[in-house]
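Chemist: the following comprises the amino acid sequence and a computationally predicted model.
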Amino acid sequence: MSATFAAEIAVIVICLAGGGLLKGATGAGAPILAVPALAAFFDVRFAVIVMLMPNLLTNLWQAVRFRAHVLGWRFMLPLLAGGFAGAGLGTMALKALDPDVLSFCVAVAVMLYVVLRLARPHWILPMGPAHWLSAPAGLLAGMLQGGAGLSAPVSITFLNALRLPRETFIATISALFVAFSVVQLAIASTNGLIRENEIFYSLFALVPVSLAMPLGAALAARVSPQVLDRVILAILAALSAKLLAEAVF
């Protein structure tokens, strides 16, 4: 094994473990740290492909585990339909757009997420309007997930605003992420987006993500949620600044 290859593996493991810590602590959001971190060292396409299997399998497990808590179909069907369509459009954009454009999109998406979290931490969206917004929210989130590997500025912000119980939040967002992942995997595998051996990187990525999730849950039990949130936002701001600088300059 060459030193360069070993260094790449080490970087990938660290990025994925960071995402697993976040997912274990909050129940969602492994791509929030893993995708911009991987994109900063490699590129957006590689980051999205590496996260395919961890996103699909960890969210499938959570969706099954918390299935009794999922929101009603009047809300879920438009959300999932929009998510399917958006993920398809976004994944095709991943194939068509220049890597620098994609890096810029990821940077902007991360910055938007940070700004929304800081500016409106206690925003509440009533369920009535949320039913009407579920399809467009799913569409926009799917487009971000497919094209940038990061739907959090829409998906997590939208569902957080509903102030759902933890189990309901996890069940709902996990089902949405499974929908994204199925579409991404189908389109990526039939359109040449997955290059040689990259599916093995994606399968390997399950290991650090899965091992770090219990550590994240333990960390969340010992550290103030506000402190953890601010640390994560600071990391994301630094990563987005790095991506933006590389894309522009």
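Modeler: Received the coordinates, thanks. Numbers count the residues shown, from 1 in each chain.
Chemist: where does the protein have low pLDDT?
Modeler: Scanning the chain for pLDDT under 70 picks out the ranges 1-3, 5, 27-29, 225, 228-229, 232, 249.
Chemist: what segments of it are helices?
Modeler: Counting by DSSP state H, the chain has these helices, from start to end: 3-26, 30-41, 44-50, 52-65, 73-96, 99-119, 127-148, 155-160, 166-190, 198-204, 206-222, 225-248.
Chemist: same list (those) but as JSON lines, adding mean neighbour count.
Modeler: Every C-beta, even on glycine, is put in place using the N, C-alpha and C of the backbone. JSON lines is the format used below for those (neighbours: other C-beta atoms under 10 Å):
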{"stretch": "helix 3-26", "mean neighbour count": "19"}
{"stretch": "helix 30-41", "mean neighbour count": "26"}
{"stretch": "helix 44-50", "mean neighbour count": "25"}
{"stretch": "helix 52-65", "mean neighbour count": "20"}
{"stretch": "helix 73-96", "mean neighbour count": "20"}
{"stretch": "helix 99-119", "mean neighbour count": "19"}
{"stretch": "helix 127-148", "mean neighbour count": "21"}
{"stretch": "helix 155-160", "mean neighbour count": "22"}
{"stretch": "helix 166-190", "mean neighbour count": "21"}
{"stretch": "helix 198-204", "mean neighbour count": "17"}
{"stretch": "helix 206-222", "mean neighbour count": "17"}
{"stretch": "helix 225-248", "mean neighbour count": "16"}
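Chemist: my guess is residue 44 contacts residue 106, does it?
Modeler: Yes: contact criterion C-beta atoms under 8 Å: residue 44 and residue 106 qualify, at 5.6 Å.
Chemist: need the overlap of contacts for those two.
Modeler: 35, 148, 149 (C-beta atoms under 8 Å, 6 or more residues apart in numbering).
Chemist: and the first one, what does it touch?
Modeler: Contacts for residue 35 were tallied using C-beta under 8 Å, 6+ apart; they are 19, 44, 47, 48, 51, 106, 148, 149, 150.
Chemist: make it 7 Å
Modeler: 47, 48, 51, 106, 149, 150 (C-beta atoms under 7 Å, 6 or more residues apart in numbering).
Chemist: same check on the last one?
Modeler: Counting by C-beta under 7 Å, 6+ apart, residue 149 makes contact with 31, 35, 44, 47, 48, 51.
Chemist: having no further points to raise, I will conclude here.
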